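**Student:** A predicted structure for the sequence below; I have some questions about it.
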Amino acid sequence: MRLGVIADDFTGATDIASFLVQNGLPTIQFNGVPDNSDALDAQAIVISLKSRSCPVDQAIDQSLAALKWLQQQGCERFYFKYCSTFDSTAQGNIGPVTDALLAALDETQTVICPALPINGRTVYQGHLFVGEQLLSESGMRHHPVTPMTDSNLLRLMERQAKGKAGLIAAPILDQGAVAVRTKLDELRQQGINYVVIDTLNEQHLLTQGEALRDMRLVTGGSGLAIGLARQWAQAGSDRREAEEAGRPQGSRAVVISGSCSQMTNWQVATYRQQAPAQEVLVERCLEDAESYAQQLCDWVEANSHQPLAPLLFATADAQQLQAIQQKYGSQRSSEAVESLFAAVTRELKARGWQRFIVAGGETSGVVAQSLGVTAFHIGPTISPGVPWVRDIQQPLSLALKSGNFGDEQFFRRAQTEFFHD
Ligand SMILES: Nc1ncnc2c1ncn2[C@@H]1O[C@H](COP(=O)(O)OP(=O)(O)OP(=O)(O)O)[C@@H](O)[C@H]1O
Ligand SMILES: O=C(O)[C@@H](O)C(=O)CO
């Protein structure tokens, strides 16, 4: 049995890939739909798209192209991975993409499961929580692109998609997989297309894995992958074996942080006290990007003989960011930072750097692109949802962190817990 995953963003794809590997499925990840069909030696294939907030038609086209390619690779089960905070606009894209995938597979029912309890995302009575807060009362209500002002997943799906939503509540999960399957059938007979499943803890994810192992299309965050991978992992397969191909290698590391999330601000503040650190100035990125990039690479080189890798960070807190955006414009400043990091990583690769630890989804996409990394093996997990990954062709290892993921010591641990040279 081979699993095909269609993920709506870059670090979200790495997140689910990490859980698949941790639970015994050797996994390979591609940026975008590959244009070849080379033989693949992996039980799960993850394709990362940029379809979270693009126009609906584009999201559908990209997702269907990914589905078709995955079917050509022999995948029989499919997983549409979106954010554990259900990031979507009023039009979608979660609803319309789910409808399109169901239709293409000639199916009428799927599940909606964004929960990831280990990172504080739970679902109760169909409402999504972030830690102790309802989604609509969490920081997500202020998200610049996909503000989430409703926590009711049934309502969100019915607003975005064409079909009907129903609920399997926590007490049924507590009764086990048979009870869940019976309820799914009952809801199918009532014409329910999108079944929201309550999830309060990891045991609920394991029960879901057992109940849903034969469903052709599931949708959710990365949590459900824990339960499903445990079902599909071959007898005797173990996690160390699954993550072997992605185990980090190579020499010379650098940390690049382009995320301004709260968690990354905290991580940067901590790491600055442990390792050499250099702030990237937006003004210089706009003025003389080329020579600035060279200068920063020289600084990295000069500071690369310390126990911990040098850090380049554009990370700013909410107030600083607002001031920068007011002065230079938000798109202009973020593009300037992204181009600078692209130039820096290209140059560092040319100078022999092989390990890149990166914070931020967009930033990770830019770094992977400028390194020419299009496919990688998934290695050991640094924090839940953040693995080391290794390019399938070049001797490059990357740790790509979603803005809000990881703990305070993430940058240090990424280095000290995995390299012993
Ligand atoms: N000091 C800064 N001034 C202006 N823009 C910045 C600055 N620092 C970073 N940026 C931009 O902010 C954006 C951050 O997005 P990114 O996706 O990398 O992080 P994130 O949103 O925290 O992560 P995720 O998408 O995983 O939650 C990037 O486009 C980056 O270039
Ligand atoms: O599910 C999550 O929270 C993450 O994988 C993600 O998608 C961040 O953009």
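**Tutor:** Good, I have the coordinates. Numbering: from 1, shown residues only. Ligands and ions are numbered 1, 2, ... in the order given.
**Student:** Neighbours of the closest residue to ligand 1 within the stretch 1-150 of the chain, how many?
**Tutor:** Of all residues in the stretch 1-150 of the chain, T11 sits closest to ligand 1, at 4.7 Å by Cβ to the nearest ligand atom. Where you see a C-beta, it was placed from the backbone N, CA and C, and this is true even at glycine. Using other Cβ atoms under 10 Å, T11 is surrounded by 26 other residues.
**Student:** distance of it from ligand 2?
**Tutor:** Counting by Cβ to the nearest ligand atom, to the nearest Å, the separation of T11 from ligand 2 is 5 Å.
**Student:** does that residue really touch V366, like I thought?
**Tutor:** No - using Cβ atoms under 8 Å, T11 is not in contact with V366; the gap is 12.0 Å.
**Student:** which SSE is the residue of the stretch 1-150 of the chain closest to ligand 1 in?
**Tutor:** Using DSSP states H and E, T11 falls within helix 10-22.
**Student:** Which is the succeeding secondary structure element to that helix?
**Tutor:** Downstream of helix 10-22 (by DSSP H and E), the next one is strand 27-31.
**Student:** contacting residues around the helix or strand following that next one?
**Tutor:** Downstream of strand 27-31, the next assigned helix or strand under DSSP H and E is strand 44-48. Strand 44-48 is contacted from outside by 2-7, 9-10, 12-14, 16-17, 20, 25-34, 66, 69-70, 73, 75, 81, 229, using Cβ atoms under 8 Å, 6 or more residues apart in numbering.
**Student:** Next one: the closest residue to ligand 1 within the stretch 251-400 of the chain from Q267, what distance?
**Tutor:** For the stretch 251-400 of the chain, the residue closest to ligand 1 is G360, as judged by Cβ to the nearest ligand atom, at 2.3 Å. Distance of G360 to Q267, computed by Cβ to Cβ, to the nearest Å: 11 Å.
**Student:** Between the two, which contacts overlap?
**Tutor:** Going by Cβ under 8 Å, 6+ apart, residues that sit against G360 and also against Q267 are S257.
**Student:** when you scan the lengthiest helix in the chain, is anything in it near ligand 1?
**Tutor:** Identified as the longest helix of the chain according to DSSP state H is helix 330-350. Yes - under the criterion of Cβ under 6 Å from any ligand atom, ligand 1 is reached by helix 330-350 at S333, S334, V337, E338.
**Student:** Pretty sure Q306 sits against A277.
**Tutor:** No - Q306 is not in contact with A277 according to Cβ under 8 Å; the separation is 10.7 Å.
**Student:** Have a look at these two and say which one is more surrounded.
**Tutor:** A277 (19 against 10).
**Student:** Name the nearest residue to the more buried one, sequence neighbours excluded.
**Tutor:** Of all residues not flanking A277 in the chain, L311 sits nearest, at 4.2 Å (Cβ to Cβ, 6 or more residues apart in numbering).
**Student:** give me every residue that touches that neighbour.
**Tutor:** V254, V255, I256, S257, V268, Y271, R272, A275, P276, A277, Q278, F411.
**Student:** just D106 next, same as before
**Tutor:** D106 neighbours (Cβ under 8 Å, 6+ apart): none.
**Student:** Also Q325?
**Tutor:** With Cβ under 8 Å, 6+ apart, Q325 has these contacts: S333.
**Student:** Identify each buried residue in the strand or helix carrying it, please.
**Tutor:** In the assignment (DSSP H and E), Q325 maps to helix 318-328. For helix 318-328, burial by neighbour count (16 or more other Cβ atoms under 10 Å) applies to L321, I324, Q325, Y328.
**Student:** swap in stretch 179-199?
**Tutor:** The neighbour-count check on stretch 179-199 (16+ other Cβ under 10 Å) flags 179-180, 183-184, 187, 192-199 as buried.
**Student:** For those, work out which two are farthest apart.
**Tutor:** A179 and N193 (20.6 Å; Cβ to Cβ).
**Student:** got the residues of the stretch 101-250 of the chain near ligand 1?
**Tutor:** Within the stretch 101-250 of the chain, no position is adjacent to ligand 1 by Cβ under 6 Å from any ligand atom.
**Student:** ok, back up a step: got JSON lines for the residues of helix 330-350 next to ligand 1, with neighbour count and pLDDT too?
**Tutor:** JSON lines is the format used below for the residues of helix 330-350 next to ligand 1 (neighbours: other Cβ atoms under 10 Å; pLDDT from 0 to 100):
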{"residue": "S333", "neighbour count": "21", "pLDDT": "93"}
{"residue": "S334", "neighbour count": "20", "pLDDT": "91"}
{"residue": "V337", "neighbour count": "25", "pLDDT": "95"}
{"residue": "E338", "neighbour count": "21", "pLDDT": "93"}
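**Student:** tell me which residues in stretch 145-162 are buried?
**Tutor:** Result for stretch 145-162 [16+ other Cβ under 10 Å]: buried residues T146, M148, D150, S151, N152, L153, L154, L156, M157, E158, Q160, A161.
**Student:** For that stretch, give the distance from the opening residue to the closing one.
**Tutor:** End-to-end distance of stretch 145-162: 23 Å, with Cα to Cα, to the nearest Å as the criterion.
**Student:** what comes into contact with that stretch?
**Tutor:** 52-53, 85-96, 98-99, 112, 114, 123, 126-129, 134-138, 140-141, 164-167, 193-194, 196.
**Student:** Disregarding residues adjacent in the polypeptide, which is nearest to the residue in the stretch 151-300 of the chain positioned nearest to ligand 2?
**Tutor:** With Cβ to the nearest ligand atom, the shortest gap between the stretch 151-300 of the chain and ligand 2 falls at G221, namely 4.3 Å. Closest residue in space to G221, ignoring its immediate chain neighbours: S84 at 3.5 Å, by Cβ to Cβ, 6+ apart.
**Student:** Could you give the number of residues near that neighbour?
**Tutor:** Neighbour tally, S84, other Cβ under 10 Å: 28.
**Student:** Could you list the alpha-carbon positions for stretch 269-277 in PDB?
**Tutor:** The C-alpha trace of stretch 269-277 is given here as PDB (Å, rounded to 0.1, in the frame of the first residue of the first chain):
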ATOM      1  CA  ALA A 269      16.500  35.800  21.200                       C
ATOM      2  CA  THR A 270      17.800  32.600  23.000                       C
ATOM      3  CA  TYR A 271      20.200  31.500  20.200                       C
ATOM      4  CA  ARG A 272      21.800  35.000  20.000                       C
ATOM      5  CA  GLN A 273      23.100  34.400  23.500                       C
ATOM      6  CA  GLN A 274      24.700  31.000  22.500                       C
ATOM      7  CA  ALA A 275      26.200  31.600  19.000                       C
ATOM      8  CA  PRO A 276      27.400  34.400  16.700                       C
ATOM      9  CA  ALA A 277      24.400  36.200  15.300                       C
END
